[in-house]
Structure formats: structure tokens, C-alpha cells
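# I would like to see how this sequence folds:
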Amino acid sequence: MFATPDEAEHAFYEALEQADPVRLMQVWADDEEIVCIHPGGLRVVGHSAVQESWQQILSSGPLRLHPMRPLVLMSMMSAVHVLIEQIATSDHPQASFANCYVTNIYHKGPTGWRMVMHHASPAPAEAGVLDLHDVPDMLH
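Got it, this is the predicted structure:
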């Protein structure tokens, strides 16, 4: 389905921005071992539970977010993306943003690259501009 983990990640964030839980779950592996941890939330394990958690979140409408500063750790069969998400706190054009540290893990299977874990936790307001300028955008 996704030829690269970057394609899967792009589809993940596009689905969030469109509040499309069906497309969002197409990014996730069809596996009961998948894990999702929303900011300040409990660990959600299994395909049905992860799907239900995203349906609840997306029932409020699209998320306005901006993934940034990705660090990528890549191997033949797995990829780890560590990044910062800036999430708008309202629909207002002048809305402030909250930051989250995010780890997305992808595995390569028979149908291509699929997400197996998404973990987001609150980050300080300065997270997007702290001393990350010395860190390369990709690690291999």
C-alpha cells in the first residue's frame, strides 16, 4: 500500500487534517499488536481500540497540525520517525499552537509500510525552536 514510511506518514497526517478515520486506519497495520498513546492518555492496544480512539478524536472535526523537525531512523524492515507536532488549539485563524513530541514507528510487510505505533506527549512551547539546528533532519 505504501512504498515508503514517508508515504505512510504523509497519508497519516493528511487523514488527520481531513478528519477521515477510514483513510487514517489504512495507514495502520492490520495487527492486534499496534499501539497508540495520545497526549496525556492511556496506552491503546489493538486495531479495534486504536480505531475507536481516533474516531472519538476525529468526531470533533479535522485537526490543524503541522508535523516538523523529523528525525528518521531506518532499517530494512522498520522505520522510527521522531518529530514535533504543532497542533492548533482552535479553528480560529489566529489560534495558538500546542506542541507534542511524537514517535511514529512503521514496519514493512507484504502490503508495504504500515504504522505500528504512534506515541504523542506534551512538549514545551519552545520545542520547535530549541537547539535542534545541530541535529540532522535524517539519521541512517
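# so which elements touch the helix or strand hosting residue 104?
Residue 104 belongs to strand 97-109 when assigned by DSSP states H and E. With contacts defined as 3 or more Cβ pairs under 8 Å, 6 or more residues apart in numbering; DSSP states H and E, the packing partners of strand 97-109 are helix 5-17, strand 78-88, strand 112-123. C-betas here are computed from N, CA, C, even on glycine.
# tell me which of the ones you listed lies nearest to residue 66.
strand 78-88 (4.5 Å; Cβ to Cβ).
# partner strands of that closest one, parallel or antiparallel?
strand 65-74 (antiparallel), strand 97-109 (antiparallel) (DSSP bridges).
# to residue 83, which of those strands lies closest?
Between these, strand 65-74 lies closest to residue 83; by Cβ to Cβ that is 4.3 Å.
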